[in-house]
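**Student:** here is the input, now give the coordinates:
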Amino acid sequence: MPDTSAPTQRVPADPPAAAVRTRPAVRSDARRAVAVLALPIVVLLVATGCGGSSKPAVCGKRDAVKTSVDNLTKLNPVTDGLGAVQTQLSAVQQSVKDLASAAGDQYKPQVTALQTSLKTLQSQITALGSNPSVSALTAVAPAAQQVATDFKALTDAIGSACN
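**Tutor:** Predicted coordinates for the structure are as follows:
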């Protein structure tokens with residue numbers, strides 16, 4: 001008679017070979033599906049700068065300088081008066097100062113050149129006084145042209161960061 005006092009243990013049989021092969025394939029397919037679903041999200045995040053679509057602060061400050069320069073060039077010293085020109089020139093200088101703060105050292109040579117040419121223009125306009133001489137008037141045009149040149153150099157340097 002067989003001994004029935006000890007319980008018999010069943011040893012599970014090895015899974016069929018086909019089951020062993022499908023399990024990694026299922027995991028691989030799941031990983032592939034997750035990667036396919038995640039890829040557009042990753043691309044979108046990289047394209048927008050990790051979730052932010054805003055441009056650097058220097059771009060807005062550059063636009064403010066452009067607006068103030070445009071407002072300055074629209075003035076007519078004869079009809080608007082030198083006071084209006086000086087007021088708008090001060091606005092340009094302030095917007096350049098704000099741009100310099102936002103830009104830091106990255107665009108320092110271009111900002112410094114623009115600030116220098118603005119100071120020169122300010123001096124030329126101040127020299128006009130209430131009774132401008134011909135020589136004082138002729139000195140304003142080259143100073144204004146230098147401001148335009150320096151402003152273009154600055155906007156060209158910043159351009160790639162803001163486009």
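
**Student:** buried residues in stretch 153-163, which are they?
**Tutor:** By neighbour count, with 16 or more other Cβ atoms under 10 Å as the criterion, the buried positions of stretch 153-163 are 153-155, 157-158. All C-beta spots, glycine's among them, are computed from the backbone N, C-alpha and C.

**Student:** how is the protein divided into domains?
**Tutor:** The chain breaks down by automatic domain parsing into domains covering 17-53, 57-162.

**Student:** mind listing what's buried along stretch 94-102?
**Tutor:** Neighbour counts over stretch 94-102 (16+ other Cβ under 10 Å) mark 95-96, 98-100, 102 as buried.

**Student:** make JSON lines out of those residues and add pLDDT.
**Tutor:** Below are the buried residues of stretch 94-102 laid out as JSON lines (pLDDT from 0 to 100):
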{"residue": "Ser95", "pLDDT": "95"}
{"residue": "Val96", "pLDDT": "94"}
{"residue": "Asp98", "pLDDT": "95"}
{"residue": "Leu99", "pLDDT": "93"}
{"residue": "Ala100", "pLDDT": "92"}
{"residue": "Ala102", "pLDDT": "91"}
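
**Student:** can you redo the residues you listed as JSON lines with distance to Leu89 and secondary structure?
**Tutor:** Listed next are the buried residues of stretch 94-102 as JSON lines, based on distance: Cβ to Cβ, whole Å; DSSP: H, G, I helix; E, B strand; the rest coil:
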{"residue": "Ser95", "distance to Leu89": "11", "secondary structure": "helix"}
{"residue": "Val96", "distance to Leu89": "11", "secondary structure": "helix"}
{"residue": "Asp98", "distance to Leu89": "15", "secondary structure": "helix"}
{"residue": "Leu99", "distance to Leu89": "15", "secondary structure": "helix"}
{"residue": "Ala100", "distance to Leu89": "16", "secondary structure": "helix"}
{"residue": "Ala102", "distance to Leu89": "21", "secondary structure": "helix"}
